[in-house]
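**Student:** Only the shape, not the letters, is given here:
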């Protein structure tokens, strides 16, 4: 019986919540460099939005010289820009914080890598012009709903500093993996902000407002903020750039292996600079061995793949640690920086296996 | 946009391993009394077996008066017996053991409930007759492969004591949820043993042998044994009857709630007797409140559904514990009985939620 085309032995998204839908990429079971669209993680703040004809128009207004409304078809006719970029939710790996933090208990799969195509936002802002009072650019999504901590109805909305907004790789995307962006990932238009955690990449773009103040919406000043203290907001810092990070895809944590040669493999990524080394330790961090990096994206926004051939002759229990090093001098530490809302976990990745 | 028939907001099986395929039921997101077949958990010991014309014949031999081979179509023509039964892997909840144990890290979803239809094994054994030397009945599956701990090729094989084999609800099943059993769940014929953990319900039945000795295959004497000690096999006891157990389906662990009335709901089940009460504690086990049991199966092999309306006025962090009590005097304890291979975890189910 040939099972190669069957529905068996296929990974699935891992369900964390439904309506609001949050599902993880089965990252340990996907070896493709680009995450197939159906395996892209889904991360929502509200129910899916209602779209209509109006949703195909993108107004850009505020501190601009000429407010303009860009039709979807016009954006698609402009010179396009393609980028391969990691998209990672800042709550990725939240499940590993100790003490635990509240919120969806993402393990390793709130991360995917896609080919995004769209128009540089800077091209649109060139057409509208920007007043020199401009401080930030505010992106408002079509999605809206209630929150557990505040009364009222809110749209999802996030701002970027003007410099990040004007980076040529900050794009208004209309394609993912060479097809129209699927509805659940932001059709018709989605902001894509490389190097920053996914919360910046606003889906279902409704409007763009150039503002002359610091935006203080709840997804800017309540959520997506590192709060280092449990009982007060002292030392709060906004969540922005993706921290250096890595996972071992295989073998899985607590798996049973035989005495043979096993390929250990995984990925590593960083928002600042590029990955220069991924190292493994078999002695609880005393010594580290370099892995082979391969299949690296030509652009700096993609993750790096790595592998290591591990010949194991002795039965027993083993702890394997993995850490990434970056061109910006950044490196994963043994401990993550705890914060109340559970963002940016990036401690050394550790698995335990038993060879029998 | 009407999303009611879309592919959005649908739960998925949770992938633990592929080829050998092991995937969990998204149990927290399914409210049906009967688990829809596509959401049935998949638990395999080897790759899927190759079937052929021979697979539609079931030989019964050994310590019988007249060895007989039953064709699939003949079994389907015999008087059928339908049972609603929980099927639970003995590794369900393994992820919660502390210290951790090796093997697939099942959380709550290695459990499903189906309507199984087939022929009582006792009817077949009436036709063959049983010699009074018979001690056990051995069930051999079509699936085979290697193990990490032994050399050689093994078929999956398990035995039952003759008394359990002769129980009228121990059936050779050919239907699940009123359709032919899907290939991944044991087509064409699967043994179904109510009250026992799922490892007894051998899939892809190849042959049945009545034996006059104690079967000692690796899935009988190495796996599916409770080993209470880490470094030796003292006190080993075979895994048989499903322990009393329960889960809170919703709310999820570490979720954020608002100050309103929330429905807490879940399921409870036991292999011995029936569930008489499910209780919740909001004060770390000092006092317990009864929940409402509902939608209970008319047969004793099904799980019990329960719910509780929780009115919460004060913001803060809450711990909610859940325990089931059974007609056999059994009750869930605060601690599970640790065992080296991680079977039968059934401690009081505990979640933490934050009301904000």
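**Tutor:** Thanks, I have it. No experiment lies behind these values; they were computed from the predicted model shown.

**Student:** Could you list the contact residues of the stretch 151-300 of chain A toward chain B?
**Tutor:** Within the stretch 151-300 of chain A, the positions adjacent to chain B are A:183-184, A:252-258 by C-beta under 8 Å from any C-beta of the partner chain. All C-beta spots, glycine's among them, are computed from the backbone N, C-alpha and C.

**Student:** which residues in chain A form helices?
**Tutor:** A:72-77, A:121-128, A:162-165, A:218-221 (DSSP state H).

**Student:** Include mean neighbour count and mean pLDDT when you put these into CSV, please.
**Tutor:** Output for those, formatted as CSV (neighbours: other C-beta atoms under 10 Å in any protein chain shown; pLDDT from 0 to 100):
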stretch, mean neighbour count, mean pLDDT
helix A:72-77, 14, 98
helix A:121-128, 17, 98
helix A:162-165, 17, 98
helix A:218-221, 17, 98
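
**Student:** Run through the residues that contact the residue nearest to residue A:29 when sequence neighbours are not counted.
**Tutor:** Using C-beta to C-beta, 6 or more residues apart in numbering or on different chains and skipping the chain neighbours, the partner closest in space to residue A:29 is residue A:11 (3.8 Å). By C-beta atoms under 8 Å, 6 or more residues apart in numbering or on different chains, the residues touching residue A:11 are A:26, A:29-30, A:39, B:15, B:18.

**Student:** do residue A:40 as well
**Tutor:** So residue A:40 contacts A:25, A:87, A:112, A:114, A:176, A:185 (C-beta under 8 Å, 6+ apart).

**Student:** Quick check: it vs chain B, distance?
**Tutor:** Residue A:40 sits 13 Å away from chain B, taking C-beta to the nearest C-beta, to the nearest Å as the criterion.

**Student:** what do you get for residue A:270?
**Tutor:** With C-beta to the nearest C-beta as the criterion, residue A:270 and chain B are 27 Å apart.

**Student:** Contacts only, for the residue nearest to that residue when sequence neighbours are not counted.
**Tutor:** Nearest non-adjacent residue to residue A:270, counting by C-beta to C-beta, 6+ apart: residue A:244, 4.0 Å away. Contact analysis of residue A:244 by C-beta under 8 Å, 6+ apart lists A:268-270, A:272, A:275, A:324-326, A:330-332, A:346.

**Student:** In the stretch 151-300 of chain A, what residue comes closest to chain B?
**Tutor:** residue A:258 (4.2 Å; C-beta to the nearest C-beta).

**Student:** ok, the spatially closest residue to that residue that is not a sequence neighbour - contacts?
**Tutor:** Here the nearest residue to residue A:258 in space, its sequence neighbours aside, is residue B:148; by C-beta to C-beta, 6+ apart that works out to 4.2 Å. Neighbouring residues of residue B:148 by C-beta under 8 Å, 6+ apart: A:256-258, A:356.

**Student:** repeat that for 10 Å
**Tutor:** With contact taken as C-beta atoms under 10 Å, 6 or more residues apart in numbering or on different chains, residue B:148 is in contact with A:255-260, A:315, A:354-356.

**Student:** From the structure, what's the count of residues near the closest residue to residue A:342 other than its chain neighbours?
**Tutor:** Using C-beta to C-beta, 6+ apart and skipping the chain neighbours, the partner closest in space to residue A:342 is residue A:101 (3.2 Å). Neighbourhood size, residue A:101 [other C-beta atoms under 10 Å in any protein chain shown]: 22.

**Student:** Mind pulling up the pLDDT for residue A:101?
**Tutor:** pLDDT for residue A:101: 98.

**Student:** My guess is it contacts residue A:226. True?
**Tutor:** No - when contacts are counted by C-beta atoms under 10 Å, residue A:101 is not listed as touching residue A:226 (11.3 Å).
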